[in-house]
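1. structure for the following, please:
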Amino acid sequence: MPRSFPLEKIRNIGVIAHIDAGKTTVTERIMYYTGRTYKIGDVDTGTAVMDWMEEERQRGITITAAATTCYWQDHRINIIDTPGHVDFTAEVERSLRVLDGGVVVFDGVAGVEAQSETVWRQADRYRVPRICFINKMDRVGANFKRTISMIENRLKAKPLPIQLPLGSGESFEGVIDLIENKAWHYDGKPDTEPVETAIPESERKRCDKYRQALIEKLAEHDDHILEAYLEGHEISPSTMRQALRKVTLENKGVPTLCGSALRNKGVQPLLDAIISYLPSPLDMPPVLAIDTASEAEVTRAVSDEAPFSALAFKVVSDPFVGRLVYLRVYSGIMKAGSQVMNSTTGRRERIGRLLLMHANRREEVDAADTGSIVATLGLKNTFTADTLCDVSEPVLLESIRFPEPVVSISIEPKTRADQDKMSTALQKLTEEDPTFKVTYNEETGQTIISGMGELHLEVIVNRMISEFGVGAKVGKPRVAYRETITESIKVEGRFVRQSGGHGQYGHVWLELEPLGRGGGFEFVDAIKGATIPRKYVPAVETGVKEAMETGVLAGYPVVDVKATIYDGSYHDVDSSELAFKMAGSQALRSGVRKAKPVILEPIMKLEVVAPEQFLGDIIGDLNAKRGHIEHIDSQGDTYVLRCLIPLAETFGYATRVRSLTQGRATHSLEYYKYRELPAELTEEITEKAVGR
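-> Take a look at the predicted model:
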């Protein structure tokens, strides 16, 4: 079967950045110049194609990653426009897992911001080659050189400027191409072609300096350039581009461009750079997988001839067509109507219609070949991070890790009619968003929803009301505290019941040990001999896990514990899985009480950008909120303050910081880690829990 598009001419890329750096504006211009749209969408007026959700248009921010496909210079570019707000970091995580390259957008005035660091680390984790685009060079205070310096210092990256801005602020009129040694002038009108000119004499010295530095950096990684450089030969643009591509693919450098997407300046050279420097699926190493039969590590070649394998990275409840599952095809071909294996669940699924997505619009296709990003209908039992593969050769691809929720609120339906609607809505929303969790508190009879931040939960609730028509009452935000132990202890769990006929008998000895922060839960079977039959050990583990869901101090989940079963006894007639499950549960509860338990609270990274005159008030306020200030850096006439602060102290901080600074400060919050709660607050929380 002939390919729909040559593999070497496909680019699967994501546009990633801090909130308000201009990601969606860049994507809208890319779609316009590639002919995908005939009219430029605008974020501020709510007409951006990629921000298609009602919530996104009202707030002027991206909430969900949107995909589109466009064409430039005989290449197909599959683009995912990702959110910049930290509450929606899962959207960036899952997008980077399935993409081959990234365009990182920076605000030319603010430079590297808090969420810029987060998305950069995410891209590092998945080893995604990327290019940088320094946007908003037309704004007052834009500083190309300082942003380059911040990329080096804060991101520990190696930016390779291949362009220089021609002017800055209101006088920004174009870019200088250091590879071709020429300048491009733009008049800011979307339909006017850029004008090629010679580099102005006033800029010649600066250009020569930057070009020389670029050649020297490339010579470190390319023998041809090193040889030509040492012999004093002129280095051709094509040779430089080849070297830059190699350096980018090996993650040893990051080509850096500049422009102003809003003013239509510098977008076409960015498209050229995407084609020239970012990888095709063929440039990526063969995908690693686990053979489900032998559990051995295998690879899947990037080829249509290889057995089919794909990763589901996103689930969307579309109001018009139903449940959509987004897939990245890593090998082989998937046809509409074919049967595939979901190797994560071990169940077979039938592929329904296959769709190429353009934000919330769809284009039907018959098949998806290697390197494609498509959506499909008909997969009822496939969820985010599941692997789909050939039925005859099942493999398991690397999954996607998502952070745990840190904020909870209670929610209840307004009327009995809303009860069923709310259950349906919550089920669909949890399928869509792996960082959104729903639990039911039997003690209070409340439904608790948990997410990554106040904005995250606010958007979820608004979507329930507007999209699913649910009437709901919402409680105040609550912190997702955790409990853990601080000492190792050996503890006995015994469950004995006798009431005529068969009784219940389960008896275990566990050793409980604290794990490091983020260690989770570990269960070790250290039974020697036949003190307990092996068939009862999994039941003990289940009992321990269930008991960990509600701790002993204040009812919060227990984390970071290693439980080792090393002894016990059983009864030939009365022992059962239920008895050993209860014994394991009792041992865990008893052990946690005796092992000096503590409550852990989530700590957030807070970054505040404010004028100098308000700095004292902000610092005083943060000190009163148990904040620990790490750095204060000057950035022009403003200051950037970085601080660690307990999540419990951040509720309503947006209003607080606005009132302290007359609305002139901005801030961003990002989850950092769990840390032990001070003793006096532990007592307060425990008393509240007991009094409930």
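2. name the nearest residue to L669, ignoring sequence neighbours.
-> M604 (4.9 Å; C-beta to C-beta, 6 or more residues apart in numbering). Using the backbone N, CA and C atoms, a C-beta is placed for each residue, glycine as well.
3. give me the neighbour count for Q212.
-> A count of nearby residues for Q212, using other C-beta atoms under 10 Å, gives 12.
4. for G35, that is, sorry about that
-> With other C-beta under 10 Å as criterion, G35 counts 10.
5. show me where the stretch 201-350 of the chain has its strands.
-> Using DSSP state E, counting those that start in this stretch, the strands assigned to the stretch 201-350 of the chain run over residues 254-258, 287-291, 297-300, 309-318, 322-331, 334-335, 339-342, 347-350.
6. and stretch 340-347, what's buried?
-> By neighbour count on 16 or more other C-beta atoms under 10 Å, the buried set for stretch 340-347 is V340, M341, N342, S343, T344.
7. the fourth one is in contact with A293, isn't it?
-> No. Under the criterion of C-beta atoms under 8 Å, S343 lies out of contact with A293, with a separation of 10.2 Å.
8. overlap in contacts, those two.
-> Residues touching both S343 and A293 (C-beta atoms under 8 Å, 6 or more residues apart in numbering): P394.
9. re earlier: how about the residue nearest to L669, secondary structure?
-> Recorded secondary structure, M604: strand (DSSP: H, G, I helix; E, B strand; the rest coil).
10. so who does it touch?
-> Contacts for M604 (C-beta under 8 Å, 6+ apart) come out as V406, L644, I645, P646, L647, T650, L669, E670, Y671, Y672.
11. just E113 next, same as before
-> H18, A21, D107, E607, S668.
12. in a strand, the fourth one, correct?
-> Meaning E607. Yes. E607 sits within a strand when classified using three-state DSSP.
13. for the residue positioned nearest the centre of the chain, give me its contacts.
-> Centrality entry for the chain: nearest residue to the mean C-alpha point is E93, 2.5 Å, by C-alpha atoms, centre = their mean. Listed by C-beta under 8 Å, 6+ apart, the contact set of E93 reads Q122, I400, R401, F402.
14. residues near the third one, how many?
-> Translated: R401. Neighbours of R401 (other C-beta under 10 Å): 12.
15. check the first one too.
-> Taking other C-beta under 10 Å as the neighbour definition, Q122 ends up with a count of 20.
16. got the contact list for whichever strand or helix holds it?
-> According to DSSP states H and E, Q122 maps onto helix 114-125. For helix 114-125, the surrounding residues in contact (C-beta under 8 Å, 6+ apart) are 16-19, 21, 82, 84-86, 89, 92-93, 96, 102, 104, 106, 130, 154-155, 157, 605, 607, 642, 668, 670.
17. what subset of those is buried?
-> Buried by 16+ other C-beta under 10 Å: 16-19, 21, 82, 84-86, 89, 92-93, 96, 102, 104, 106, 130, 154-155, 157, 605, 607, 668, 670, out of those.
18. sorry, back to before: between helix 114-125 and the host helix or strand of the residue nearest to the centre of the chain, find me the angle.
-> If you go by DSSP H and E, E93 is part of helix 89-98. With axes from the mean of the first three to the mean of the last three C-alpha atoms, to 10 degrees applied, the angle from helix 89-98 to helix 114-125 works out at 30 degrees.
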